[in-house]
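**Q** Here is a sequence together with a model predicted from it:
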Amino acid sequence: MSETKIDTKAGTKKLFIKTYGCQMNVYDSERMAESLGGSGYTEVSSPEEADMILLNTCHIREKAAEKIYSELGRYKDLKLANPDLKIGVAGCVAQAEGEEIIRRQPMVDLVVGPQSYHKLPQLEAKAGKGVKALDTDFPEEDKFEHLKARPKAKRAPAAFLTVQEGCDKFCAFCVVPYTRGAEVSRPAERVLSEARDLVERGVREITLLGQNVNAYHGAGEGGTWGLARLIRELAKVDGLERIRFTTSHPNDMEDDLIAAHGDCDKLMPYLHLPVQSGSDRILKAMNRKHTAEEYIRLIERIRAARPDIAMSGDFIVGFPGETDQDFEDTMSLVREVGYGSAYSFKYSPRPGTPAAEKDDKMVDADVASERLHRLQELITEQQHAFQDAMVGREVSVLFERKGRLAGQMVGKSEYLHAVHVTDDVAVGEIARVRIIESGPNSLAGVVLR
């Protein structure tokens, strides 16, 4: 969860955006702020200062909608004190709940889904006339083309860039196909143009975003481009030094994308490739359309192309019908792959998904919690082992900000480790660093001159 702070055109109205969930929501919040900047809004850091409060929501986690209603309740006194205050809900909860949000919280003035946020200025104007504004359609037009150009303000050295949205996989546990819609890829030249613009304003690392980013198939010169072609063209942009992408599906990890990890120097050696379970029976119930063995063989091919790559993944424990053996299969897969980092969650039903209908197969909550604890212990052990192996090595670090201690600078290595030094380096500088210590969640190093 984060609060965006983007420089926008000076105006008299104040905007507060609170962002929940994934990196794509962070990117969307930036674009929403820019869109409303054309209506005279500038961003502020607290809701108490705002003329408009916008919650950009995520529907992935448990009880996501209830958490948003709770957050809205905190703004009741602000609305009573200032009836002209506009309150909006955007993102995936907005898409899923629609009119129900306004029914349950009448103080909400506008609701907009993730595919319609380019219409925010019109919705804001409608709300300003005292009319409840709602748009959760999946429009045919490209929302990115309707947004105003970004102001030429200086940017942080690392940035997100959305290249693909939606998902056609329909995993049994996931709401994304229902809240974000079908897979859509942005045209390659528009992605390249936005990347060049970001670089002009100080960005040196770009993370390409998509709900299923390696399914990217955008229109480009000579036909349709896959993600590998897009990455190779981005690598030609002067001043762009690092490229990453997330999140991927194993079934879309094509040969040329695997090869790019070995032959494209600007593509960083880090890959987030969720598998969710190590049990073929559970994978089938999840509608993942691959087996544990196929996933493991895929990892082998990726490591053959880039032996030092840091692997990351996602896991769900306690999926309906999961047995002790199914869980042990997951533990076995984790041991065999060896992750640099991973995310693990206890299953919680999402309304409207096929898995939510399997109430009779729900795993006991205490059993699921115990499994999650065991899995997280193993993942943490692997994460620490991967970090500890960095001690004594030289890594490349992009420095992004000052640290909490005096004279400290913090950045990220090519493996996405947080690295801190006390040397004299500038924000945006990429430097060689020798790692001297491994901490719980970061590495300490010294800059090599």
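**A** Received the coordinates, thanks.
**Q** C-alpha only now, for contacts and for neighbours.
**A** Fine.
**Q** And for Gln105, the neighbour number?
**A** The local packing of Gln105 (other C-alpha atoms under 10 Å) involves 14 other residues.
**Q** Sorry, wrong one. I was asking about Val337.
**A** Val337: 15 neighbours (other C-alpha under 10 Å).
**Q** Check which helices and strands the host helix or strand of Val199 sits against.
**A** Element membership for Val199, per DSSP states H and E: helix 188-200. Applying 3 or more C-alpha pairs under 8 Å, 6 or more residues apart in numbering; DSSP states H and E, one finds that helix 188-200 contacts strand 158-162, strand 217-220, helix 227-234.
**Q** Could you check how far the residue nearest to Ser185 when sequence neighbours are not counted is from Leu120?
**A** Leaving aside its sequence neighbours, Ser185 sits nearest to Gln164 (C-alpha to C-alpha, 6 or more residues apart in numbering; 4.4 Å). Going from Gln164 to Leu120 by C-alpha to C-alpha, to the nearest Å gives 21 Å.
**Q** how about CSV for the helices and strands packed on helix 188-200, with mean pLDDT, mean neighbour count and distance to Val419 added?
**A** Below are the helices and strands packed on helix 188-200 laid out as CSV (pLDDT from 0 to 100; neighbours: other C-alpha atoms under 10 Å; distance: least, C-alpha to C-alpha, whole Å):
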stretch, mean pLDDT, mean neighbour count, distance to Val419
strand 158-162, 95, 21, 15
strand 217-220, 96, 20, 35
helix 227-234, 98, 20, 26
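**Q** remind me which residues of the chain are low pLDDT?
**A** 1-11, 61-62, 138-152 (pLDDT under 70).
**Q** tell me the domain boundaries of it?
**A** Here the domain parsing of the chain from the TED database is 13-135, 143-389, 393-447.
**Q** Need the contact partners of stretch 437-449.
**A** Contacts with stretch 437-449, where a contact means C-alpha atoms under 8 Å, 6 or more residues apart in numbering, come from 384, 387-388, 390-391, 417-423, 431-436.
**Q** Check stretch 278-291 too.
**A** Contacts for stretch 278-291 (C-alpha under 8 Å, 6+ apart): 169-173, 250-251, 276-277, 292, 319, 321-322, 326-327, 329-334, 355.
**Q** Of these, grab the buried ones for ChimeraX.
**A** Buried subset of these, written as a ChimeraX selection, criterion 16 or more other C-alpha atoms under 10 Å:
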select :169,170,171,172,173,250,276,277,292,319,321,322,326,327,329,330,331,333,334,355
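**Q** So which of the contacts of stretch 278-291 sit within helices?
**A** 292, 326-327, 329-334 (DSSP state H).
**Q** and Gly262, how many neighbours does it have?
**A** 18.
**Q** buried residues in the host helix or strand of Ile296?
**A** Assigning secondary structure by DSSP H and E places Ile296 in helix 292-305. Of all the residues in helix 292-305, those buried under the rule 16+ other C-alpha under 10 Å are 292, 295-296, 298-299, 302-303, 305.
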